[in-house]
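**Q** Here is a sequence together with a model predicted from it:
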Amino acid sequence: MKNCKYSVLTLILFSLTIVLLILLFKQLVKTNSEETFIEKHKELVVNKVTELENENLGYLIKNQLVFFGDDSLNVFEIKNIKNNDQIFFYFSYNTCPPCLNYTIDLLKKFIPSYEKDDSIIFISPDYPKRFRNDCFGKKLLNLQLNKLGLPLEKENVPFFFKINKDMQIVSLNIVIKEDFERTEKYLQSLFFQ
C-alpha cells in the first residue's frame, strides 16, 4: 500500500513537472516569437524610411518664401538665411511628443549652446501661432504656403535636412521611434564632421 502511495505521488510529481516544462517551453517560444516580430517590424520600418530618404534626396525646395515666428510681414526667401550650414528640422504639430522631446534632447546633447545657436532651424507647417516665437527655445521658421514641396511631407513624419545654395536637399534623416539611434548617428555625423 505504501509503495502504491509513493508511486501515485511520483506519478503526480512527474506529471506536474512535465506540465511545468511544457508551459515554460511555450512561454519561451512566445517570447522568441514576439522578439522576432519586433525585430522584423523594426527592420521593415527602417527599410521603408531609408527608401523615403533616398527618394527625397536631390529634391528642390519649391516654397522658398518664409518668415520667423509670427512676423509674417517680414517674408524673405529661404536661400537668404545667412549660412548654408544650417540644419533644418521639419515636424508637424501632430508629431508624437516623445519623438519630439527625444529629438530636442539629442540636439541639446550635440549643441552645448542650443538656446543661442542658430545652426538648427525648426520648420512646421501647422504649429500653433502662439508657440511660433518660442518653439522649444527657438523661433519657428514658417512657410508662407505651408509646404516645402517635398513628397515626404505627405508622410507627416519629422525629419532633418540640409540644403545647398541651389535649394536642393543634400542630406536627410527621418526621425522614427523604432530606431532613434539612426538619428543620433546622423546628428553626430553633422556636428562632428
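**A** Ah, there it is.

**Q** alpha carbons only for contacts and neighbour counts from here, please
**A** Will do.

**Q** Convert stretch 105-120 to PDB, retaining C-alpha atoms only.
**A** Provided in PDB are the C-alpha atoms of stretch 105-120 (Å, rounded to 0.1, in the frame of the first residue of the first chain):
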ATOM      1  CA  ASP A 105      17.200  66.300 -26.100                       C
ATOM      2  CA  LEU A 106      19.600  65.000 -28.800                       C
ATOM      3  CA  LEU A 107      20.000  68.400 -30.200                       C
ATOM      4  CA  LYS A 108      20.900  69.800 -26.800                       C
ATOM      5  CA  LYS A 109      23.400  67.000 -26.400                       C
ATOM      6  CA  PHE A 110      25.200  67.900 -29.600                       C
ATOM      7  CA  ILE A 111      24.800  71.700 -29.400                       C
ATOM      8  CA  PRO A 112      26.000  72.800 -26.000                       C
ATOM      9  CA  SER A 113      24.800  76.400 -26.600                       C
ATOM     10  CA  TYR A 114      21.500  75.100 -28.000                       C
ATOM     11  CA  GLU A 115      19.400  78.200 -26.900                       C
ATOM     12  CA  LYS A 116      21.800  80.700 -28.600                       C
ATOM     13  CA  ASP A 117      22.900  78.500 -31.600                       C
ATOM     14  CA  ASP A 118      21.300  79.300 -34.900                       C
ATOM     15  CA  SER A 119      22.700  76.300 -36.800                       C
ATOM     16  CA  ILE A 120      19.500  74.400 -36.300                       C
END
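
**Q** and that stretch, how far out from the chain's middle?
**A** 17 Å (Cα atoms, centre = their mean, to the nearest Å).

**Q** Residue 172: helix or strand, and which one exactly?
**A** Take DSSP states H and E as the rule and residue 172 turns out to sit in strand 169-174.

**Q** what about that strand, average pLDDT?
**A** Averaging pLDDT along strand 169-174 gives 93.

**Q** and the helix or strand following that strand, how far from the chain's centre?
**A** From strand 169-174 onward toward the C-terminus, using DSSP H and E, the following helix or strand is helix 180-191. On the basis of Cα atoms, centre = their mean, the separation between the geometric centre of helix 180-191 and that of its chain is 11 Å.

**Q** Could you list the domains of this structure?
**A** 1-56, 59-191 (automatic domain parsing).

**Q** Deepest in the core, which of those domains is it.
**A** Mean neighbour counts were compared across those using mean count of other Cα atoms under 10 Å; the top stretch is domain 59-191, at a mean of 16.

**Q** coming back round to it: could you list the residues in contact with the strand holding residue 172?
**A** 49, 53, 56-61, 157-164, 183, 186 (Cα atoms under 8 Å, 6 or more residues apart in numbering).

**Q** Could you rerun that using 6 Å?
**A** The list of residues contacting strand 169-174 from outside it, by Cα atoms under 6 Å, 6 or more residues apart in numbering, reads 57, 58, 59, 159, 160, 161, 162, 163.

**Q** The third one contacts residue 167, doesn't it?
**A** So the one you mean is residue 59. No: with contacts counted by Cα atoms under 6 Å, residue 59 stays clear of residue 167, the gap being 8.3 Å.
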